[in-house]
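Engineer: Any chance you can model this:
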Amino acid sequence: MQRKYLIALFIIILTSFIIIDTVQVTCPQCEGKGSIKSFSQPTVEIENVIAKYTTTACGYEWWDVTLYIKNNSDKNLTIRAYLTPFDAKANKTYSNIAWNIFIGPKESKTINGTITVPDFYGFQMHSDLKVSARLSYDNLGEEETVCPLCNGSGKVTILNFMKVYLSKR
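Structural biologist: Purely as a prediction, here's the structure:
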């Protein structure tokens with residue numbers, strides 16, 4: 001009698017595993033759409049920033065700043081470069097200066113501009129200005145990418161569904 005119960009239990013467990021691994025339900029990650037929203041982060045890198053002293057007048061120093069950047073993505077981008085002047089002699093950081101820059105795909109670009117800072121040292125000796133730069137991407141939008149869980153089908157097996165559900169807890 002016990003042997004019949006063990007065989008029945010074995011058949012039930014085997015059938016359950018087959019059902020769990022073959023029956024499909026709506027994907028919990030993309031909710032059955034097959035795609036998810038994602039933000040792609042293009043890579044624009046700062047190759048160099050050079051600040052060159054030009055003149056002092058009216059209590060201010062004028063510095064020519066050249067920013068070298070390279071777009072490694074395949075997209076046209078509008079980026080914002082934030083330049084932060086820093087005077088090492090006075091140990092003083094000045095306000096950020098923002099430049100809007102358009103750069104094409106796989107393009108290297110040189111941007112020139114002028115920065116003015118207060119003249120603390122007189123006409124004969126200028127500050128030791130350093131300029132740091134960071135980039136911000138203003139025009140990135142959401143893109144639809146294929147759902148990695150269901151590979152775009154919108155359906156997953158019950159086993160994969162349970163894996164996702166249990167990993168969230």
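
Engineer: can you list contacts of stretch 151-158?
Structural biologist: Contacts of stretch 151-158 with the rest of the structure, by Cβ atoms under 8 Å, 6 or more residues apart in numbering, involve 19-28, 30, 32-35, 146-147, 149-150, 164. Any C-beta I mention is one placed from the backbone N, CA and C, and that applies to glycine too.

Engineer: Among those residues, name the ones in strands.
Structural biologist: Counting by DSSP state E, those place Gln24, Val25, Thr26, Ser35, Val146 in strands.

Engineer: and the stretch of helix or strand Leu67 belongs to, how far out from the chain's middle?
Structural biologist: Leu67 is part of strand 60-71 when elements are defined by DSSP states H and E. On the basis of Cα atoms, centre = their mean, to the nearest Å, strand 60-71 sits 24 Å off its chain's mean C-alpha point.

Engineer: strands paired with the longest strand along the chain, and their directions?
Structural biologist: The single longest strand within the chain, with elements called by DSSP E, is strand 44-57. Using DSSP bridges, the strands paired with strand 44-57 in its sheet are strand 60-71 (antiparallel).

Engineer: partners of the next helix or strand after the partner strand, with directions?
Structural biologist: Note on strand 60-71: by DSSP H and E, the next helix or strand toward the C-terminus is strand 77-87. When sheet partners are counted by DSSP bridges, strand 77-87 sits next to strand 92-93 (antiparallel), strand 97-103 (antiparallel), strand 129-137 (antiparallel).

Engineer: now could you export just the CA positions of the second one as CSV?
Structural biologist: Extracted in CSV, the C-alpha atoms of strand 97-103 (Å, rounded to 0.1, in the frame of the first residue of the first chain):
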residue,chain,number,x,y,z
ILE,A,97,30.2,78.2,-15.7
ALA,A,98,27.9,76.3,-18.0
TRP,A,99,28.4,75.8,-21.8
ASN,A,100,25.9,74.2,-24.0
ILE,A,101,27.6,72.1,-26.6
PHE,A,102,26.3,70.1,-29.7
ILE,A,103,28.5,67.2,-30.7
